[in-house]
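Chemist: Coordinates for the following, if possible.
(chains A, B, C, D, E and F)
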Number of protein chains: 6
Amino acid sequence: MKQPEFEPSEEVLSGETTDIYFARTIDILRREGLNQVATMEVFTSRAGLLCGMEEVKALLARVLPEDNREVWALTEGEAMESKEVVLRITAPYQSYGLYETAIGGILAHGSGWATAARECVAAARGIPIISFGARHVHPSIAGAMDYSAIVGGCAGCSSIAGARLADIEPSGTMPHTLIIVMGDTVKATIAFDKYMPPEVPRISLVDTFKDEAEESLRVAQALGEKLDSVRLDTPGERGVVTAYLVKEVRAWLDLAGFNKVKIFVSGGLDPERITYFLENEAPVDGFGVGSYISGARPIDFTADLHEVEGKPVAKRGRIPGITANPRLKRVM
Amino acid sequence: MKQPEFEPSEEVLSGETTDIYFARTIDILRREGLNQVATMEVFTSRAGLLCGMEEVKALLARVLPEDNREVWALTEGEAMESKEVVLRITAPYQSYGLYETAIGGILAHGSGWATAARECVAAARGIPIISFGARHVHPSIAGAMDYSAIVGGCAGCSSIAGARLADIEPSGTMPHTLIIVMGDTVKATIAFDKYMPPEVPRISLVDTFKDEAEESLRVAQALGEKLDSVRLDTPGERGVVTAYLVKEVRAWLDLAGFNKVKIFVSGGLDPERITYFLENEAPVDGFGVGSYISGARPIDFTADLHEVEGKPVAKRGRIPGITANPRLKRVM
Amino acid sequence: MKQPEFEPSEEVLSGETTDIYFARTIDILRREGLNQVATMEVFTSRAGLLCGMEEVKALLARVLPEDNREVWALTEGEAMESKEVVLRITAPYQSYGLYETAIGGILAHGSGWATAARECVAAARGIPIISFGARHVHPSIAGAMDYSAIVGGCAGCSSIAGARLADIEPSGTMPHTLIIVMGDTVKATIAFDKYMPPEVPRISLVDTFKDEAEESLRVAQALGEKLDSVRLDTPGERGVVTAYLVKEVRAWLDLAGFNKVKIFVSGGLDPERITYFLENEAPVDGFGVGSYISGARPIDFTADLHEVEGKPVAKRGRIPGITANPRLKRVM
Amino acid sequence: MKQPEFEPSEEVLSGETTDIYFARTIDILRREGLNQVATMEVFTSRAGLLCGMEEVKALLARVLPEDNREVWALTEGEAMESKEVVLRITAPYQSYGLYETAIGGILAHGSGWATAARECVAAARGIPIISFGARHVHPSIAGAMDYSAIVGGCAGCSSIAGARLADIEPSGTMPHTLIIVMGDTVKATIAFDKYMPPEVPRISLVDTFKDEAEESLRVAQALGEKLDSVRLDTPGERGVVTAYLVKEVRAWLDLAGFNKVKIFVSGGLDPERITYFLENEAPVDGFGVGSYISGARPIDFTADLHEVEGKPVAKRGRIPGITANPRLKRVM
Amino acid sequence: MKQPEFEPSEEVLSGETTDIYFARTIDILRREGLNQVATMEVFTSRAGLLCGMEEVKALLARVLPEDNREVWALTEGEAMESKEVVLRITAPYQSYGLYETAIGGILAHGSGWATAARECVAAARGIPIISFGARHVHPSIAGAMDYSAIVGGCAGCSSIAGARLADIEPSGTMPHTLIIVMGDTVKATIAFDKYMPPEVPRISLVDTFKDEAEESLRVAQALGEKLDSVRLDTPGERGVVTAYLVKEVRAWLDLAGFNKVKIFVSGGLDPERITYFLENEAPVDGFGVGSYISGARPIDFTADLHEVEGKPVAKRGRIPGITANPRLKRVM
Amino acid sequence: MKQPEFEPSEEVLSGETTDIYFARTIDILRREGLNQVATMEVFTSRAGLLCGMEEVKALLARVLPEDNREVWALTEGEAMESKEVVLRITAPYQSYGLYETAIGGILAHGSGWATAARECVAAARGIPIISFGARHVHPSIAGAMDYSAIVGGCAGCSSIAGARLADIEPSGTMPHTLIIVMGDTVKATIAFDKYMPPEVPRISLVDTFKDEAEESLRVAQALGEKLDSVRLDTPGERGVVTAYLVKEVRAWLDLAGFNKVKIFVSGGLDPERITYFLENEAPVDGFGVGSYISGARPIDFTADLHEVEGKPVAKRGRIPGITANPRLKRVM
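Modeler: Prediction:
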């Protein structure tokens, strides 16, 4: 993945998104004329995959004074242990105190998504995972979410914004609505094939109107060699996709000579369900994961001052002074 | 709460945040010249408090043709049952098909947050709750999150953006960093009092350096009548705030004549912890809740076409035709 | 139900099916010239529905001396409490000692089946249950099993032997094999309609080749008014029959005007699954239950002598003398 | 074990015990003139020990046309895996379609019993198990049950019918009733010894009237060298047989010089209880198992057509075509 | 119960049994000349029955200055709530500081035993309980333990020392050793009857050598009208006493005309086992409880100073000043 | 540990603390003139550490006839297995029958305490444990309890009586009461230092009034080199001592140059809590354990006669004759 380009928004820079008391703190300190060099450390509440650090660095690059700053951090996408310090900032406190809220929030959400994505990727043992969860998050973060999923190891994502951040092409098949509007799966698949540029793979969704096995054969016969995959997305009301259904569709496709058509599975997937398919030897060629990644619980981060003007300090419950962590690298 | 003003972002309107396949679907339908009037229904995957509908309506108002649309919806902040249809749109499909992703996402996140907030509010039986979780979400949604918390019944929120959306003043006390930078709780409290406008309540955070009971007496003696509250936020490393600590601080304050000083509690609160304080009769005057609300799992919503050109349709797993729901009101 | 006619088999009468030690006991007592009048009581190990008593009475009527016998029993189909005495025989011991094994076995199996059937009937709250489990028991007892299911409250059974014992018509729809051999569900349904006598209801099995909703419409359109029901039997590999599938099939049938066609559900049903359908308001018109009834664990019965020549006796662990049970009626 | 001789009953051959719909299917196919060569496969729902195949083969030998049949099967007593195909029949469908019910039932009950017996045998690590459960099953299958127990590894069985099928001598000791009728354990044991042929082992049941240790010494002193074993069958009301009781009886017998008298245990035994005796080093010489074997849940089997006239077919939920299983052997 | 007479031992008065740091504290305070009037409160860690207060009062009466003391307490045998203050002492601290260890220990053990006894008494719903646990505690506290059991509601106790404290006659039957030494239960029972004074009830222990039912009849026949009770104490190795055994012994005794002979049960009893007998309607006339009472976990008590020279004080974790408890009565 | 000196009390020797029925038994046997040599074995109900045997031996040495006795026993402090025989006495029964109660009780309590102490010692992996539980047991056994804790491996104990029995110096720090009476921790620590002999280590209790970290620094600064340790005993109302608090106090002490001051932890400790400190790498130098040891459930022991006049005997549930145990050593 290319270095992503993050640009702090005006809302963040102005402090609009911060907790009010940080704005008040900066105000008080300015009036008191206090602007000591202070060292803030940020640590994670639990183990996971770090994500969001690139966006945090883009923010810090904009606000810290270039001649009086020192920033140490773990790298985007690195594993982090429970309670590990992932970021250490030394600079005049007024320059960055306002952004404690934003820094914590960017890392929390990003690491939560990337960690969940990594769990799915690990469960899938090499079978590609596509992040499909944009529909379950507020659109303002759909891009950040899908970017984090890619950092976590997903092979693709469905949102245009996320794909742009991760510098890849967005992935997608066809929605049920296209088929319903066109009235027939075969008809919709043919229209898709007719208008889409050749580099877009032809993946037909086969559970809308008819039995999945029957419909798979119908679209395969209609598109022939051009068909890349069928997607199975059987809803819970119809028993969800089972490992056996995949085998059955595979058997009918093979029996009819369509050995090259791949099978893509989606619908309520999580590491446990992915493991179920693998343990039952279902011939799946790709998984689409939605809310397990997009709805992942953010990983809380905590920021604390550990030195002020070079002197060890700490609130109760923290150890005074710098916390040793040889894994941190100087990034600024 | 005044009617909030939501303005769809350019990114959303352009389809940038959508799943790619909806963009492709609209493209195909345009080329095929298909633009039937279609009815889409959106239902919730589980019971909760509906939130995000105002933002969705602002989006629909921008994209649906004024002369050929009919929108029915539940009201922002209403309770919804599991599987209940909360939104029904009838309009030419090309006008809104692109926004299925955004609509689902806005409702999912908003309802998730509002539902969690409501659980805390219910547990607190009248004691006010302030939403403190901005630091645990990506700053792009800090405002939407705090707005949802207010919809869910919170009495205040800490982010400036959220307070603006909800048309209230942001709430806040003081962070540990202010006290650490100033070196002493009493000193920090006096500075706070000196510079803050009179309408900002004086709430002192009393767990930074000294025993909470001792520090409470110190700040009360320093500020006298002006002190509004003390905030207890004892970290887990020091045993978190217990019901007994609240009683003890209350006893020492009362013994010294500070009966009017209120006690505000924060730190890892959730409905279970709030209930614990109430069941143990701790004299708490306010709770600050963070990641229980901000990290609430989004509530998945699903959108389906149920009629095309007035004819009942459905994909497998759905009932063809309009789903009756007398609670829906026509909003457009 | 008419009084069933049971005829003890030669194998049972000869003692062939007994535990060898009863044969030896009778042998020893004959040689010792001991043939006291003894009272044997039979009690159940757990609560349930008594079944098999008619068959036991038919056996006793053949072996007890008419002029020196007294038999008290509960009635076929009565509820019995845990540890309740259900049968008391007073007669010369040599006349019946050989049959302790057979008496216990008839009651154990019969009561096990009838009790399980009753649980299903109770769960179904008035919706008829058909016993379909003959394929899961040894054919020598298929009839006794289905007879017991009817005693337990089933509305019908599939085995010819069971229906004969219970004096009803056997019930059945069509097997998957008929459809597979004929190659198409509609074709098989038409053939069924063509050859079956008019009193046999036309019930079409609609999950063999195509989607159940689609196939239901096809057979309804082919048979019109003559179609009595469709049967849903979706296998586990395809997610079993869900409450939602029933609603969906109902909706499509109604939409097409086939409101009178009933829906019959089978496949892995037990009281819990039946309750699931009712609680989810699935419009089911009949249930077919298989191995929950046919594979029900037999209810163990125990036989003990409590008096010999009018004198209270007991082995250790039993109370000497007759056990009072006012519910017993004299039957012989 | 010698090859057992099974003879299909008239009731089975006539289709009396079948599900009615198979009878109707054959009727329809006859009238339609359809009698294709079809391949039916039978697979087990769970792992276990296969039993009943000999009886099934005896049935098929009677009904399949000698010149147009091919039957592959696992062997009686072989272990089978979950979902494994255990039987494959290729023949004109009309010849065997009527017997699907009987075939499934014979295998279900037989395999259920044999599998339970095997579990007891495995737990007993070489100590012989006798099947004692005839009293808990309908007499029509007492023989089949005990035969299956022997297939599962039991060293003996109590029913005369079962022993005949398995071609062994039936096993038995003496029932409580003999002792009660004769009034004393020693008296009953002496009478048993007096009349039984010498090859029947003298096993005295010692828990009827007196303490088991005391009674064991009494019968040992009465019969001397001729006593083979004592049987402990203490009822639950008296605390069941414990490992300690066995040790205690052993100690008293040894102290009195009866080291050769064996101890046989019965009463509510199952693999867990057998393991308890072994783990507590109780000196047991034989176990009698009743309802754990006789009341074992049948193992459901399912039959499906996989080819018709050489062409792969399948209902939904099944894979079309022959299922490979190299363990099957051609038997017909 | 008469007012018990407790006499503090020399070891306690001298401070020998105290924690060393209290001895040091008194030493330091003496040297510093500090002897303020201080108020100590003692509270219980959990709910239960208070016991030991009489012994504590006897100690305080010996050490507190008569003209400068005020003692408030709950009454021996009263129920106390979790965290309730049960004792409040106001006096010069040097007079009682040394005894904090002893006061806590007396109440802890006494209340633990009395509370456990009460649980048994509650479970027995009126059937008398005898405390039999002296053999499971150090002999130095056998008396205090049995005294506490009586305070908890037991009808009697086995230790002579405990009975003396509680001012009752000790209760007992006969041990297994007497029967073993004399070689026969009947012989031992006759000897017991021959030598014991008439007021000692004749209770025979009937599980030593023979079956309990048989032995009960033997001793009843030997002693006739003089037999008060039989005691069943079947060990775990023989399945413990079951409710059914009690019924069986009762039935045989009644059948033989010994309706007046009572049945006493012992062996591993606790409230759960006692409830089992009552729920199964076993005709028990008395229970003997051992280690459930004698091995009861002590209930921890905590002592804190709440006022010094009339000024509210407290360590962290305690509320300063006197704790209101209207249930306390002034006792000194 | 030196050989402890136990002296049987008059109360025990007189039979005052025994179960009344042993007194009666001896009375009967004397009148009958029966005084056979009998062998009694005592076995434990569960595995643990044997303690109390020295006290039992002191008792037996007083009562058994020197010329007609044989005593075999395990050694004080040895591990014992479940059901293991730990003591075997052969002597005229009248000489020791009266003491069965006392022997069982001494072993039960002693072994219960020693076993619990050993569990703590094992969990602490070399960090010393001090027994602090005297306040939770009746003062009559405070010494025996602490002696047993030392046998179990504790490095010290708080009671003077226990230390005397174990021939060590008692251990102690200072109680909260000293600090409360003196009004300040530093003042109390200075007074302690002023009056205590130099060999008593200066250990200051630092949780009474102020934050533990702050108070630790204050007492360290006040006493300088003379301070041996601080003790943390934070109550549950304040969150108990956490591993993190220990680290924090350690960090502040080290930062101020007090690396030699040790940290001692107490308050509700048990093996699980001790393990928690070690697993979280808290730098603890000593643990004080209270009620986990002092309130340990006694380990029940059972005594049975196995030979009378050289002839094997046993009650039901026991094996007649001597039980082999090569680990027993002859002690008398």
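
Chemist: if I pick residue A:68, what's in contact with it?
Modeler: For residue A:68, the contacting residues are A:37, A:91-92, by C-beta atoms under 8 Å, 6 or more residues apart in numbering or on different chains. Backbone N, C-alpha and C define where each C-beta goes, glycine included.

Chemist: what's downstream of whichever strand or helix holds residue A:38, the next helix or strand?
Modeler: Using DSSP states H and E, residue A:38 maps to strand A:37-44. Going down the chain from strand A:37-44, the next helix or strand is strand A:48-49, by DSSP H and E.

Chemist: Might one say that residue A:116 is in contact with residue A:293?
Modeler: Yes. Judged on C-beta atoms under 8 Å, residue A:116 makes contact with residue A:293 at a distance of 4.7 Å.

Chemist: Nearest to chain F among the contacts of residue A:68?
Modeler: Checking those against chain F with C-beta to the nearest C-beta, the nearest one is residue A:37 at 19.6 Å.

Chemist: Please list the residues of the stretch 101-250 of chain A that sit near chain D.
Modeler: Counting by C-beta under 8 Å from any C-beta of the partner chain, the stretch 101-250 of chain A comes close to chain D at A:211, A:213, A:244, A:247-248.

Chemist: Scan these and report the most crowded one.
Modeler: residue A:213 (26 neighbours; other C-beta atoms under 10 Å in any protein chain shown).

Chemist: hmm, back to that, with respect to residue D:2, which of the residues of the stretch 101-250 of chain A next to chain D is nearest?
Modeler: Set against residue D:2, the nearest of these by C-beta to C-beta is residue A:244 (41.6 Å).

Chemist: and that closest one, what does it touch?
Modeler: Residue A:244 is in contact with A:280, A:282, C:236-238, D:317, counting by C-beta under 8 Å, 6+ apart.

Chemist: Kindly report the same for residue A:158.
Modeler: With contact taken as C-beta under 8 Å, 6+ apart, residue A:158 is in contact with A:130-132, A:134, A:146, A:170-172, A:288, B:19-21.

Chemist: Which members of those additionally contact chain F?
Modeler: Applying C-beta under 8 Å from any C-beta to the contacts of residue A:158, one finds that nothing falls near chain F.

Chemist: For chain C, what's the nearest residue on chain A?
Modeler: For chain A, C-beta to the nearest C-beta, closest residue to chain C: residue A:239, 1.2 Å.

Chemist: Wait, that residue touches residue C:237, no?
Modeler: No. Judged on C-beta under 8 Å, residue A:239 makes no contact with residue C:237 at a distance of 9.1 Å.

Chemist: Quick check on these two: which one has the bigger neighbour count.
Modeler: Remark: of residue A:239 and residue C:237, residue A:239 carries more neighbours, 21 against 17, as counted by other C-beta under 10 Å.

Chemist: Next up, the contacts around that one.
Modeler: C:234, C:238-240, C:242.

Chemist: And the contacts of residue A:158, which is the shakiest by pLDDT?
Modeler: When the contacts of residue A:158 are compared by pLDDT, residue A:172 scores lowest at 86.

Chemist: Just confirm that one contacts residue B:19, I think it does.
Modeler: Yes. Checked against C-beta under 8 Å, the pair residue A:172 and residue B:19 is within contact range at 6.0 Å.

Chemist: Now do the contacts for the residue in chain A that chain E sits nearest to.
Modeler: Using C-beta to the nearest C-beta, the single residue of chain A nearest to chain E is residue A:316, 13.2 Å away. Going by C-beta under 8 Å, 6+ apart, residue A:316 touches B:207-210, B:234-235, B:238, F:211, F:213, F:248.

Chemist: at 6 Å instead, please
Modeler: By C-beta atoms under 6 Å, 6 or more residues apart in numbering or on different chains, the residues touching residue A:316 are residue B:238.

Chemist: part of a helix, is residue A:215?
Modeler: Yes. With DSSP: H, G, I helix; E, B strand; the rest coil as the criterion, residue A:215 is part of a helix.

Chemist: Okay, the closest residue to chain F within the stretch 151-300 of chain A and residue C:316: tell me how far apart.
Modeler: With C-beta to the nearest C-beta, the shortest gap between the stretch 151-300 of chain A and chain F falls at residue A:300, namely 17.0 Å. Using C-beta to C-beta, to the nearest Å, residue A:300 is found at 66 Å from residue C:316.

Chemist: low-confidence ranges in the stretch 101-250 of chain A?
Modeler: Counting by pLDDT under 70, the stretch 101-250 of chain A contains no low-confidence range.

Chemist: returning to that earlier point: and the residue of the stretch 151-300 of chain A closest to chain F, how many neighbours?
Modeler: 22.

Chemist: Would you mind measuring from it to residue B:231?
Modeler: 19 Å.

Chemist: And residue A:53, by the same measure?
Modeler: Counting by C-beta to C-beta, the gap from residue A:53 to residue B:231 is 31 Å.

Chemist: And residue A:130, by the same measure?
Modeler: When distance is defined by C-beta to C-beta, residue A:130 is 46 Å away from residue B:231.

Chemist: And residue A:254, by the same measure?
Modeler: Relative to residue B:231, and taking C-beta to C-beta, residue A:254 is found at 67 Å.

Chemist: out of those two, which sits in the more crowded spot?
Modeler: residue B:231 (22 against 14).

Chemist: ok, what's across the strand from the more buried one?
Modeler: residue B:205, residue B:264 (DSSP bridges).

Chemist: Which residues are in contact with the residue nearest to residue A:119 when sequence neighbours are not counted?
Modeler: In space, and not counting its chain neighbours, residue A:119 is closest to residue A:271: 4.7 Å by C-beta to C-beta, 6 or more residues apart in numbering or on different chains. Residue A:271 sits next to A:119-120, A:123 when contact means C-beta under 6 Å, 6+ apart.

Chemist: near chain B, which residues of the stretch 51-200 of chain A?
Modeler: A:93, A:101-102, A:104-106, A:108-109, A:134-142, A:144, A:158, A:160-161, A:170, A:172, A:174-178, A:180-181, A:191, A:195 (C-beta under 6 Å from any C-beta of the partner chain).

Chemist: Need the buried ones from those residues selected in PyMOL.
Modeler: In PyMOL, a selection of the buried entries from these looks like this (16 or more other C-beta atoms under 10 Å in any protein chain shown):
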select buried, chain A and resi 93+101+102+104+105+106+108+109+134+135+136+137+138+139+140+141+142+144+158+160+161+170+172+174+175+176+177+178+180+181+191
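
Chemist: Tell me which stretches of the stretch 201-332 of chain A form strands.
Modeler: Ranges of strands in the stretch 201-332 of chain A, per DSSP state E, counting those that start in this stretch, are A:203-205, A:229-232, A:262-266, A:286-289, A:301-308, A:311-312, A:329-330.

Chemist: Run through who's touching the third one.
Modeler: When you say that, I think you mean strand A:262-266. Under C-beta under 6 Å, 6+ apart, the answer for strand A:262-266 is A:229-233, A:241, A:246, A:284-288.

Chemist: how far does stretch A:300-316 sit from the chain's center?
Modeler: How far stretch A:300-316 lies from its chain's middle: 30 Å, per C-alpha atoms, centre = their mean, to the nearest Å.

Chemist: do stretch A:37-50 as well
Modeler: The answer for stretch A:37-50 is 20 Å, by C-alpha atoms, centre = their mean.

Chemist: Over to stretch A:264-277?
Modeler: The answer for stretch A:264-277 is 17 Å, by C-alpha atoms, centre = their mean.
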